[in-house]
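K.L.:
Just the structure for this:
(one chain, ligands or ions: 1)
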Amino acid sequence: MENKLTVKLIGTGKYVPKALITNADLEKMVDTTDEWIVTHTGIKTRHKVEGETTADLAYQAALNAIQKAKFDLELIDAIIVATITPDFASPSMAAVVQARLGLNHRDITCFDINAACTGFVYALQVGAALLNSPKYRHILIIGAETLTKIMDYTDRNTCILFGDGAGALLIGRGQAHQTVSFYTASEGDMEDVLSVKEVLRMQGRRVFKFAINAIEKSINRLLELDGSRLDMVTKIIPHQANYRIIEGVAELKKLPLNKFFLNLEHYGNTSAASIPIALDEYVESSPLLPGSKLMLVGFGAGLTWGGALINL
Ligand code: COA
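P.N.:
So this is what the prediction gives:
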């Protein structure tokens, strides 16, 4: 699915649980070292829920976005949560967030999306498409995960990578120049490469290669669809999986590493939450200037991949 839609970013937010899993903690669980993890992934700590649920994280991130933007939450027309770790199959995490925000009295469209680590990009695309239809004016999009619940803490190939957290984004109808170009894709017969059944299983090397190709392809397609050049993009905010994946893309595209916003050192891979958490931290450090361009790029199980090029 490829298109260009009119969208305005209203506000961003995030929430991560307090407890941490450090590399030293992991050294006590599996045969690994801080040095191996840092040199192979760039990750130093991840956050871990203790009693909190995915819906709790989603709600807190949403509240953070609403409060920072001083947004009247009564104006929200739809809530979309991207997650692969919902607390239960039904009701949706989005419906739970609606109730927690005290919005049961409003006719709001609420649903969840499962596109793994590309989930937030998919959710943003669906939210943007809703905005371009008659009823919807303001949409709350959340990526929220409690991945520590689906980790096998005896598998050193996976348990060092993932953490918990949530990020949120409020969007509304934009002016003519405030467009977003989307590119999303999927290859549905790759479950042996990356899947979550009881726990998350992954063939690391294969995912690593797929990730570099997926990011490169997404960057190229987004630029093509948007009619932009890479030097016109202010920052690329990729899914935060592994520092070396981003280094690989930077090398391929001949880009300096600081073209990418990275915070995976502190959070590890938080799947659908990683891009909105990074977006919130980017926005906190750099005001969104009109005329600038932000590129979000995701990849993950499905396999799925894709991105959004946001013209501010
Ligand atoms: N500590 C120490 N050694 C480890 C280890 C760990 N945590 N995990 C794997 N190893 C070992 C392997 O067993 C292997 O040992 P062997 O050669 O004796 O068999 C060796 O390190 C190299 O393994 P390899 O898988 O080739 O390492 P790598 O450099 O590819 O790094 C990943 C492994 C998982 C970090 C890397 O492949 C990766 O990040 N892949 C993408 C994962 C991802 O992003 N998934 C989510 C996508 S949304």
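
K.L.:
pretty sure Ile246 is in contact with Pro238, am I right?
P.N.:
Yes - look at Ile246 against Pro238 with Cβ atoms under 8 Å: they come within range, at 6.0 Å. Just so you know, the C-beta spots here come from the backbone N, C-alpha and C atoms, and that holds for glycine as well.

K.L.:
what residues do these two have in common as contacts?
P.N.:
By Cβ atoms under 8 Å, 6 or more residues apart in numbering, Ile246 and Pro238 have these common neighbours: 215, 260, 262.

K.L.:
Would you tell me what helix or strand the last one is located in?
P.N.:
Using DSSP states H and E, Leu262 sits within no helix or strand.

K.L.:
how about it, what does it touch?
P.N.:
Counted by Cβ under 8 Å, 6+ apart, Leu262 has contacts 42, 238, 240, 243, 246, 278.

K.L.:
can you rerun that using 7 Å?
P.N.:
Neighbour list for Leu262: 240, 243, 246 [criterion: Cβ atoms under 7 Å, 6 or more residues apart in numbering].

K.L.:
so is the last one in a helix, a strand, or just coil?
P.N.:
Looking back up the chat, that one is Ile246. Secondary structure for Ile246, judged by DSSP: H, G, I helix; E, B strand; the rest coil, is helix.

K.L.:
that older thread, so which of the shared contacts of Ile246 and Pro238 is the closest to Lys48?
P.N.:
Compare each of the shared contacts of Ile246 and Pro238 with Lys48 using Cβ to Cβ and the shortest gap goes to Leu262, at 20.8 Å.

K.L.:
Just give me the neighbour total for Gly165.
P.N.:
Gly165: 30 surrounding residues under other Cβ atoms under 10 Å.

K.L.:
SS state for it?
P.N.:
Going by three-state DSSP: Gly165 is strand.

K.L.:
pLDDT wise, what is it at?
P.N.:
In the predicted model, Gly165 carries a pLDDT score of 98.

K.L.:
In contact with the nearest residue in space to Thr184 that is not next to it in sequence, which residues are there?
P.N.:
Closest residue in space to Thr184, ignoring its immediate chain neighbours: Gly306 at 3.4 Å, by Cβ to Cβ, 6 or more residues apart in numbering. Gly306 makes contact with 118, 121, 183-185, 218, 298, according to Cβ under 7 Å, 6+ apart.

K.L.:
So for the residue of the stretch 151-300 of the chain found nearest the ligand, what's the nearest residue that isn't a sequence neighbour?
P.N.:
The ligand sits closest to Gly204 of the stretch 151-300 of the chain, with a gap of 2.9 Å, by Cβ to the nearest ligand atom. Leaving aside its sequence neighbours, Gly204 sits nearest to Asn157 (Cβ to Cβ, 6+ apart; 5.3 Å).

K.L.:
Would you confirm that the one you found contacts Arg205?
P.N.:
No - Asn157 is beyond contact range of Arg205, at 9.7 Å (criterion: Cβ atoms under 7 Å).

K.L.:
Go through the longest helix along the chain and flag the buried ones.
P.N.:
Using DSSP state H to define each element, the chain has its longest helix at helix 204-226. For helix 204-226, a neighbour-count test (16 or more other Cβ atoms under 10 Å) marks 207-208, 210-212, 214-215, 217-219, 221-223, 225-226 as buried.

K.L.:
near the ligand, from those?
P.N.:
207-208, 211 (Cβ under 6 Å from any ligand atom).

K.L.:
What parts of the stretch 51-200 of the chain come near the ligand?
P.N.:
117, 156-157, 160.
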